[in-house]
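Sequence and computational prediction follow.
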Amino acid sequence: MKFCKSVLSKSAFGVYVFFILSLFLISSPAVHSAYVGVEKAVVEAVQKIEPSVVNVKTIYTSSYSGENKEGIGSGIIISKDGWIITNTHVLKNAKKVFITLNDGRSFEASDWRGDPAEDVAVVKISASNLPVAKIGNSDNLRKGQIAIAIGNPWKFTSTVTVGCVSAVNRDLDLSSSNLSLSYKGLIQTDAAINPGNSGGALVNSSGEVIGMNTLVYTGSTGTAQGLSFSIPINTAMGVARGLIQQSGGGKLRPWLGIKILNYKGGGVIITGFPPDSPAQSAGLKAGDIIVSINNKTVNNNKDLQKIIYSLSPGDTLVMVIVRNGQKYQAKVRLEGMRQ
């Protein structure tokens, strides 16, 4: 490539510089104004929602060591008198639940209850005149809308990430039986979500909650990025209202954590495990055939579910399994929800 040499007179050069500067000065405010408009909308949305997003801390018993551990998550205030919505998996095996508000006040929860199938839970604290989140409408979301996530990832409180609605009505089937995990109709977003964000708010540019942040998908190799998912707020609030109307809180359905199929010779065969499975932690393996639990015969999937759902989180069950043609006894401590 050749460079051409040009010669400008001083007067011509002055006119040239003036022309370039004029273009810059004329176009610059328009670009700047557009940027400020988007920035302003995001900042104002965060200011609206931030007071109603809380930190959720749990004290739970580890399935591995039996020791007390601390769990973290987020929540959204949905009533002035102290009801907070979060994910059921945030409350996993919780013995105690503590809520810290954005203003620094902290409360021990007096009640909590959840629906493991929907991964939606509610927590109650004794407080009044709390800042309630403005609930939006998740039925009419469009790809490309601004999506703002706020929560407490890795204990970094009130963290904000911004992206867009990447897709709607996403199904994530991580199960092969009713005892594993399946999500339907999720909002997909590229706003970053990390451990601790679960239960936090996904809001639009008006500061209205459109979803409850729930999980991030990393793929089998752990290399996927920008694939975060939230439960639509219309779905979450419908479940939450039902839970609040129930009596006798703290009722979390027991969870064994296995994927199964009926076995031709009787019993059920384990085909796999969802993440953080109590059954897998207890030493069960894929290919094991469960033939009885607590001295009750297991002929099929329905028998197993009936026995499990008659128990409570924290109960230890004794099962007889067949492995490589030999019978063994295994003990598994049930957990309180699905992960």
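Received it, and whenever you're ready, just let me know what you need. Numbers count the residues shown, from 1 in each chain.

Quick check: can you name the pairing partners of the longest strand along the chain and their directions?
Determined from DSSP state E, the single longest strand within the chain is strand 159-174. Sheet pairing of strand 159-174 (DSSP bridges) gives strand 146-151 (antiparallel), strand 181-189 (antiparallel).

Now mean pLDDT too, for these, in a markdown table please.
A markdown table is the format used below for the strands paired with strand 159-174 (pLDDT from 0 to 100):
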| stretch | mean pLDDT |
| --- | --- |
| strand 146-151 | 96 |
| strand 181-189 | 85 |
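
ok, and which of those strands has the densest surroundings?
Ranked by mean neighbour count, these are led by strand 146-151 with a mean of 25 (mean count of other CB atoms under 10 Å). For glycine as for every other residue, the C-beta is placed from the backbone atoms N, C-alpha and C.

How far off centre is that one?
Relative to the centre of its chain, strand 146-151 is centred 13 Å away, using CA atoms, centre = their mean, to the nearest Å.

Same question for stretch 112-124.
Centroid separation for stretch 112-124 versus its chain: 12 Å, with CA atoms, centre = their mean.

and the closest residue to Y60 other than its chain neighbours, how many neighbours?
Nearest non-adjacent residue to Y60, counting by CB to CB, 6 or more residues apart in numbering: N93, 4.0 Å away. Around N93 there are 22 other residues, counting by other CB atoms under 10 Å.

what's the answer for I321, then?
Residues near I321, counting by other CB under 10 Å, number 23.

tell me which element it falls in.
According to DSSP states H and E, I321 maps onto strand 316-323.

Let me see the residues that make contact with the helix or strand just after that strand.
Per DSSP H and E, the first helix or strand lying C-terminal to strand 316-323 is strand 326-333. Strand 326-333 is touched from outside by 63, 256, 278-279, 282-284, 291, 314-322, with contacts defined as CB atoms under 8 Å, 6 or more residues apart in numbering.

quick one on the thing from earlier: so which bits of the strand holding I321 are buried?
Neighbour counts over strand 316-323 (16 or more other CB atoms under 10 Å) mark 317, 319-322 as buried.

Distance from the chain centre to that strand, please.
The chain centre lies 32 Å from the centre of strand 316-323; the measure is CA atoms, centre = their mean.

So what touches that strand?
Strand 316-323 is contacted from outside by 256, 267, 284-285, 287-295, 298, 307-308, 311, 327-334, using CB under 8 Å, 6+ apart.

Turn the buried ones among those residues into a named PyMOL selection, would you?
Selecting only the buried entries of these in PyMOL, with 16+ other CB under 10 Å as the criterion:
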select buried, resi 256+267+284+288+289+290+291+292+293+298+307+308+311+330+332+333+334
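
measure the residue nearest the centre of the chain to V54 for me?
For the chain, T214 is the residue whose C-alpha lies nearest the centre (CA atoms, centre = their mean; 1.4 Å). Relative to V54, T214 is positioned 16 Å away (criterion: CB to CB, to the nearest Å).

ok, which stretches of the stretch 201-339 of the chain are strands?
Residue ranges of the strands in the stretch 201-339 of the chain, as given by DSSP state E, counting those that start in this stretch, are 201-203, 209-216, 228-232, 259-262, 268-272, 289-293, 296-297, 316-323, 326-333.

Quick one: the ones you listed as a markdown table, columns for mean pLDDT too.
Formatted as a markdown table, those follow (pLDDT from 0 to 100):
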| stretch | mean pLDDT |
| --- | --- |
| strand 201-203 | 98 |
| strand 209-216 | 95 |
| strand 228-232 | 95 |
| strand 259-262 | 91 |
| strand 268-272 | 94 |
| strand 289-293 | 96 |
| strand 296-297 | 94 |
| strand 316-323 | 94 |
| strand 326-333 | 94 |
